[in-house]
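Engineer: predicted model follows, preceded by the sequence.
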Amino acid sequence: MTSRTLRVVLAALTAASVTAAAGGCTSVLPGEQPAAAATIPAATVSAATIPAATVSAATVPAVADVRTPVRILPLGDSITYGLGSERLGSYRVELARRLASAGIAVDLVGSHASGPRGADQDNEGHSGWRIDQIAERAPGWIAAYQPDVVLLHIGTNDMRSDEKAAGAPVRLGALIDQLLIASPDVRILVAKIVGAKDTRVGGVYQQRIDAYNASVPAVVASRGARVRLVDQTGVDGTDLLDMLHPNEFGYSKMAWNWYRALQPVLRRGEPAWPMADNPFRATRKYLRSAGDVGRWWHLRTFTVRKAGKPVQVRGWQTRRTFVERYRVEASGRSVVRTRAVTRWSSA
């Protein structure tokens with residue numbers, strides 16, 4: 001039996017065991033509204049409670065062993081596929097551009113294709129999928145595409161219910177173990193996932209995301225040197241097109257985070273990678289949100305009232321036109337008229 005065949009057999013056995021372990025979870029249909037809860041149970045997970053893959057520093061290949069071009073597998077749900085970006089490019093197009101500027105030849109791999117014409121469209125972004133659904137297919141994708149690096153952003157769809165959210169960190173750890181067993185050389189970058197706009201449900205979704213993200217570092221730390229943490233929680237608020245999906249600017253921030261995290265993994269010495277155009281330092285950005293036309297937003301200092309007192313804050317605002325009603329005296333009587341007024345707005 002060849003070493004590659006042995007890896008595939010081990011991966012298949014791991015997938016079967018994880019799928020069986022997850023069988024007790026009830027499924028949540030796409031679009032199902034999360035039940036309101038007075039108390040959101042945090043996922044209580046520590047490094048001690050998550051079985052770790054046996055990976056020592058001695059088994060980690062040297063950076064120089066990475067192939068050219070580097071094979072990168074973007075793995076996850078609709079955010080990896082690119083929903084929310086105008087041409088379904090996700091973070092992938094911007095990331096590929098940045099890596100090219102650093103002199104890194106990249107081949108994105110995967111069975112799905114999405115993104116603008118002319119770009120490398122390959123990915124494994126599956127809209128609506130949970131961690132367990134990705135785990136069922138992951139060993140096969142690793143065997144088929146043999147990536148050097150996996151960019152894993154997964155867990156958003158597990159946040160639809162308290163039950164699924166509570167078990168998500170354990171399922172994430174099992175998925176990472178599958179990937180490590182399926183390939184002896186793969187490096188895995190695991191994301192703390194992006195935020196949510198969920199004012200419709202009183203913040204419950206975001207609370208679940210926060211609890212999940214708080215558990216991810218322990219999951220990653222227990223998996224050895226081939227697994228690294230990437231914090232994507234800075235993509236939030238005005239960076240989102242709708243409740244869950246980043247807009248173009250949000251995806252550019254995700255690309256920046258992956259790019260910075262890849263530098264110590266792929267760097268081959270000098271020169272240092274270009275660090276210009278950091279979106280986190282932008283003072284203005286062009287955003288499009290669901291049901292709204294695109295507009296420029298500016299990072300400004302403005303005054304708000306807190307506890308009845310004026311307080312200066314710094315945040316993102318855009319200029320919007322409102323219809324204002326006002327009274328005037330006409331022909332000896334008071335009448336109401338309207339006029340268009342443009343003001344800075346935070347919403």
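Structural biologist: Good, I have the coordinates.
Engineer: where does this protein have low pLDDT?
Structural biologist: 1-67, 199-202, 268-270, 289-293 (pLDDT under 70).
Engineer: any idea where the helices of it begin and end?
Structural biologist: Along the chain, the segments classed as helices by DSSP state H run 3-21, 78-81, 92-101, 131-145, 162-182, 204-221, 248-266.
Engineer: quick check: the nearest residue to residue 120 once chain neighbours are set aside vs residue 258, distance?
Structural biologist: Residue nearest to residue 120 in three dimensions, not counting chain neighbours: residue 108, with 4.4 Å by Cβ to Cβ, 6 or more residues apart in numbering. Heads up, the C-betas are built off the backbone N, CA and C, glycines and all. If you measure residue 108 against residue 258 using Cβ to Cβ, to the nearest Å, the figure is 12 Å.
Engineer: who's in contact with residue 326?
Structural biologist: 336-339 (Cβ atoms under 8 Å, 6 or more residues apart in numbering).
Engineer: show me the beta-bridge partners of it.
Structural biologist: Listed by DSSP bridges, the beta-bridge partners for residue 326 are residue 337.
Engineer: could you report the neighbour count for the residue nearest to residue 120?
Structural biologist: Counted with other Cβ atoms under 10 Å, the neighbours of residue 108 add up to 25.
Engineer: equivalent analysis for residue 148, please.
Structural biologist: Count around residue 148 with other Cβ under 10 Å applied: 23.
Engineer: got it, and the one 10 residues further on?
Structural biologist: When neighbours are counted by other Cβ under 10 Å, residue 158 registers 29.
Engineer: and the gap between the nearest residue to it once chain neighbours are set aside and residue 218?
Structural biologist: Nearest non-adjacent residue to residue 158, counting by Cβ to Cβ, 6+ apart: residue 168, 4.2 Å away. Using Cβ to Cβ, residue 168 is found at 13 Å from residue 218.
Engineer: one more: residue 260?
Structural biologist: For residue 260 relative to residue 218 (Cβ to Cβ), the value is 22 Å.
Engineer: comparing those two, which residue is more hemmed in?
Structural biologist: Higher neighbour count among residue 260 and residue 218: residue 218, with 17 against 14, using other Cβ under 10 Å.
Engineer: returning to what we had before: compute the number of surrounding residues for the residue nearest to residue 158.
Structural biologist: Residue 168: 29 surrounding residues under other Cβ under 10 Å.
Engineer: pretty sure it contacts residue 132?
Structural biologist: No: the criterion here is Cβ atoms under 8 Å, and residue 168 misses it with residue 132 at 9.3 Å.
Engineer: who touches residue 192 in this structure?
Structural biologist: Residue 192 makes contact with 213, 216-217, 229-233 under the criterion Cβ under 8 Å, 6+ apart.
Engineer: so what's it closest to, chain neighbours aside?
Structural biologist: Closest to residue 192 by Cβ to Cβ, 6+ apart is residue 213, at 4.2 Å.
Engineer: residue 233 is in contact with the one you found, correct?
Structural biologist: Yes: under the criterion of Cβ under 8 Å, residue 213 makes contact with residue 233 at 5.9 Å.
Engineer: common neighbours of those two, please.
Structural biologist: Residues touching both residue 213 and residue 233 by Cβ under 8 Å, 6+ apart: 192-193.
Engineer: more neighbours: which of the two?
Structural biologist: A direct count of neighbours by other Cβ under 10 Å for residue 213 and residue 233 places residue 213 higher, at 20 against 15.
Engineer: how about the contacts made by the more buried one?
Structural biologist: Here residue 213 is in contact with 192-193, 233 (Cβ under 8 Å, 6+ apart).
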